[in-house]
Each structure stands twice: as C-alpha cells, then as structure tokens.
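S.K.: mind looking at a prediction? Sequence and model below.
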Amino acid sequence: MARVLVVEDDQFVRSALIRHLTEAAHTVRSVGTALEALREVAQVGFDVVILDLGLPDLDGAEALKMLRGITDVPVIIATARDDETEIVRLLNAGADDYLVKPFSVEHLSARMAAVLRRARTSGAGEDGEERVIRVGGLAIDPLRRQAELDGALLDLTRREFDLLAFLARRPGVVVPRRELLAEVWQQSYGDDQTIDVHLSWLRRKLGETAASPRYLHTLRGVGVKLEPPQRQRPDAPR
Ligand code: CA
C-alpha cells in the first residue's frame, strides 16, 4: 500500500500507530525526533508522513518548514491541541491534513486515504508508472522527487528538480521567464540571472551546454523550453 513515516516521540502512541498501519498493509518506518525525520525523508522515499507536533527537539511548525524545504511528501500533522489558529497556520505552512489526538484508527485511515488520493491525482495516474513524466531519456518522478537521465539518477537540488519537472510537464512549449519565476521561484519579479544560473547548473547535470543544447533550449528574450533531443541526422544541413 503506502510507505509511511511515523514521527512520534511517545513510545505508546508510536507502537499503536505502527501496529495499526502495518495491519493495514502499509510499510512503516518510525522515528522519535524531527531531525531523525529530516534524515529519513532525505534518504528514503515515503508516500506520507505522520508528524507529531510535540517533538522533543523542534517545534512542530519548524519541523514542518524544514521538511517542506526538502520534500513535497504529503504530511499529516498529529496534534494534542485542538487549536484552530495553530492548525490553520500549519495547513498554510504546507501540511496536507491534521488529526487531533486521541484519534481513532478509522479516522487515521480515512485521512491517509484522502491525502494519498490527492497526491496521486496531482501526479497523474493511479499507477506507479504513469505518474512518472518522461521526455526522451528523462524520467521525472514528482512524488519521489527523483529524476533520471538514460537510467542514471540525477543529483539535483530542490530548485533544479522543480525547474526540470515544471518544464518537463510541458515538453516543446516555450515557457516565459516570468512564468518560471512565478511558478518555480514563487516570485512575481526577479533577476533573469537567477534563472540563468539554475539553468546552467541543470544543463551541466544533464551533460549539455547552452551552445549545444540537447534537452534545454533557451530562446533569447522569450523563455525556455524542454524537449527530447533531436536525432542526429548525418545528412542534415549544417
Ligand atoms: Ca509528542
């Protein structure tokens, strides 16, 4: 079913969660601190994270912010405080849903199903293969935030990944710089250099240059497009 990371410092709650989730055929890993959680999500791909807000090392909002800095994995926050202001703040900070303790197994299952369904729809099909975006030899998995080129895993920063995924969703379409800034950088204005710098890093990782592009094409003054490399034709006019 789903790969779940349980972040909970209370041993009793933690064992109960692990037992219920395992019984529901999920694969579960669990940690007791926010820092361990950050290390886990950086190393292992999860489908959903259940995050306790009362952790010994980091404040819940802080933990969520740091998680969001490295992954788009759906996060369900579990809180003992039924505090509407706090919950709204966390939902705005990138939590996908919340549960107020003590919660029932049924409640947890329903929230998890809803969050997983949303994550899958936004990533395309139900099937694991379909949600991967493919352009030429590129395979981009938005859920796992992984990209491969010709079967080799690319080591991308968060921004490089976002940029690549954004362009790959519209292969062959010239995306204006303004739109890239708004969608990838979430800025309404900015320096063109920001985009250029990230593009050049991304190009290097894709093994190409601006002078001889394969996937990434810059149209001066217009924007950027990503498309599968043109086949080399020996008889093509130079
Ligand atoms: Ca706790």
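M.R.: Now that the structure is in, tell me what you want to look at.
S.K.: quick check on the residue of the chain found nearest the ion: phi, psi?
M.R.: The minimum distance from the chain to the ion, using C-beta to the ion, falls at residue 54 (3.5 Å). C-beta: built from backbone N, CA, C; applies to glycine. Residue 54 adopts backbone torsions of phi -100, psi 80, taken as degrees, to the nearest 10.
S.K.: grab the nearest non-local neighbour of it.
M.R.: Nearest in space to residue 54, with sequence neighbours left out and distances taken as C-beta to C-beta, 6 or more residues apart in numbering, is residue 80 at 6.2 Å.
S.K.: who's in contact with the one you found?
M.R.: 53-54, 100-101 (C-beta atoms under 8 Å, 6 or more residues apart in numbering).
S.K.: drop anything exposed from those.
M.R.: residue 53 (16 or more other C-beta atoms under 10 Å).
S.K.: so what pairs up with the spatially closest residue to residue 37 that is not a sequence neighbour in the strands?
M.R.: Among residues not flanking residue 37 along the chain, residue 7 sits closest, at 4.3 Å (C-beta to C-beta, 6+ apart). Counting by DSSP bridges, residue 7 forms beta bridges with residue 31, residue 51.
S.K.: next SSE downstream of the helix or strand harbouring residue 67?
M.R.: With secondary structure defined by DSSP states H and E, residue 67 is part of helix 60-70. Downstream of helix 60-70, the next assigned helix or strand under DSSP H and E is strand 75-79.
S.K.: tell me what angle that next one forms with helix 60-70.
M.R.: 170 degrees (axes from the mean of the first three to the mean of the last three C-alpha atoms, to 10 degrees).
S.K.: which strands or helices does strand 75-79 pack on?
M.R.: Packed against strand 75-79 by the contact rule (3 or more C-beta pairs under 8 Å, 6 or more residues apart in numbering; DSSP states H and E) you find strand 48-52, helix 60-70, helix 84-92, strand 97-100, helix 105-122.
S.K.: care to break the protein down by domain?
M.R.: Following automatic domain parsing, one finds the domains of the chain at 3-121, 133-226.
S.K.: make JSON lines out of the ones you listed and add mean pLDDT.
M.R.: Compiled in JSON lines, the domains of the chain are given as follows (pLDDT from 0 to 100):
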{"stretch": "domain 3-121", "mean pLDDT": "89"}
{"stretch": "domain 133-226", "mean pLDDT": "88"}
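S.K.: report the contact partners of the spatially most central residue of the chain.
M.R.: Centroid check for the chain by C-alpha atoms, centre = their mean gives residue 72 as the closest residue, at 3.0 Å. Residues in contact with residue 72 (C-beta under 8 Å, 6+ apart) are 142-143, 145.
S.K.: so which residues on this structure come close to the ion?
M.R.: 9-10, 52, 54 (C-beta under 5 Å from the ion).
S.K.: of those residues, grab the buried ones for ChimeraX.
M.R.: Selection of buried members from those for ChimeraX, criterion 16+ other C-beta under 10 Å:
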select :9,52
